Structures are given as C-alpha cells and as structure tokens.
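>>> got a structure for you, letters missing:
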DNA sequence: GCCAACGTTGGC
DNA sequence: GCCAACGTTGGC
C-alpha cells in the first residue's frame, strides 16, 4: 500500500441535465433529505461517467434543459457512487430497458443531495457570453451529453454568477 | 464492418 | 413545431 500525504485529487465537478418539468432543482431541494436517485440515464458515455468517475463529495451543477430559458439552477453533491439503476428493470417505468439483465445491470445511477438553489438562474445565453466558459462541454456544438465534466475554473465562474442576488 | 434509417435530445 | 446533431439499430 502506498502512502499519500494529501488526497491525490480533491473532488471533481460535474453538470447533470434535467428537464424541470420532470424533475427540477426545487424538486431536489424539497425531496426527503434533499436527496434523489439520478436515474433514467440511458447513454453509455454518461453511464460510464456515473459508474467510473463520479465520487462521493464531488459537486454537480443541476442544469435545466428544455426550459425557458435553459440554464444552471443550483448545486448538489454526490452522496452515493454508481450503482444499478433499478428503473431499467421496471416495465412500467418510462426508462424500462428490456435488454438489461438484473444480474449484469447495464444502467447505473448515483445519488445526489441538493446543496443550493441559485438566487439567479445562470441562463444559457449568459453562459455563452461569459469569458472563460468557451470550452465548456455544454457549449460545444452538437454537445448533448446529460452527464458532463466541468473544469474548476468554469465552476467558480458559474457559481459566482448563480449566487448574485435575484433582481 | 459499413451505413442508411430511425429515434432522441434540446435549443429556438 | 422545426430541425440540427447525435446515438442506436439492423440489413447486408
């Protein structure tokens, strides 16, 4: 066993998309323990990030997609690392996947706990205009991944914008 | 393995 | 509602 003085890496940052008509930051903040299963992700790249990369204590932006306007709505933290998404096995669930075998689950999820609802939604047009965010995964042409990494510098910029007093 | 057809995402 | 872009499926 090797010794490490400080942790090799501090927590990382992510962005999770959700359609607020289905599940919003307000739903998260009013959930029991402000905690929710991030279920229903049916994309392999997003699944791999949840299964392999997201760790307890990592921070996530909650992003409202298909909203008016779309934007970053708040902050949550990962409180349970990747584990099987049971909704894939429920025929009545809209995300049911008949090809997923419970013995070797295809789809994974994490649990997140809401930490903060932004005073001001950081809307997509503002993200596009903000210096320092040009390389954000979210803003790349054709990018539609529902679980994305966020750079530390991007995190700081967006968190500061979200914490501005509401008008 | 190629690739056309189809389904989904998500901004506008 | 439209449509660009992407991912998946399935015939060959």
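Arrived safely. The structure presented is a predicted model; accordingly, all values stated were derived computationally and were not measured. Numbers count the residues shown, from 1 in each chain, chains lettered A, B, ... in the order given.
>>> okay, CA-based contacts and neighbour counts for the rest of this
Will do.
>>> Any buried residues in the longest helix along chain A, and which?
Assignment by DSSP state H gives helix A:152-162 as the longest helix of chain A. For helix A:152-162, a neighbour-count test (16 or more other CA atoms under 10 Å) marks A:154, A:155, A:158, A:159, A:161, A:162 as buried.
>>> same thing with stretch A:83-90?
Quick answer for stretch A:83-90 (16+ other CA under 10 Å): A:84, A:85, A:86, A:87, A:88, A:89.
>>> quick one, helices of chain A?
Using DSSP H, the helices assigned to chain A run over residues A:25-29, A:44-48, A:124-129, A:152-162.
>>> can you list the residues of chain A near DNA strand B?
By CA under 7 Å from any atom of the strand, the part of chain A that sits against DNA strand B consists of A:17, A:18, A:65, A:66, A:67, A:70, A:124, A:125, A:144, A:145, A:146.
>>> Surely residue A:74 and residue A:123 touch.
No - contact criterion CA atoms under 8 Å: residue A:74 and residue A:123 do not qualify, at 11.6 Å.
>>> wait, residue A:88 sits on residue A:104?
No - between residue A:88 and residue A:104 there is no contact under CA under 8 Å: 11.7 Å.
>>> For DNA strand B, see how far away the residue lying closest to residue A:151 once chain neighbours are set aside is.
Closest residue to residue A:151 apart from its sequence neighbours, by CA to CA, 6 or more residues apart in numbering: residue A:13 at 6.6 Å. Note on residue A:13: its distance to DNA strand B, by CA to the nearest atom of the strand, to the nearest Å, is 17 Å.
>>> need the contact list for residue A:13.
A:58, A:59, A:60, A:61, A:149, A:150, A:151, A:152, A:155 (CA atoms under 8 Å, 6 or more residues apart in numbering).
>>> coming back round to it: with mean pLDDT and distance to DNA strand C added, can I get the helices of chain A in CSV?
Output for the helices of chain A, formatted as CSV (pLDDT from 0 to 100; distance: least, CA to the nearest atom of the strand, whole Å):
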stretch, mean pLDDT, distance to DNA strand C
helix A:25-29, 97, 22
helix A:44-48, 94, 5
helix A:124-129, 96, 16
helix A:152-162, 97, 22
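>>> All good on my end, thank you.
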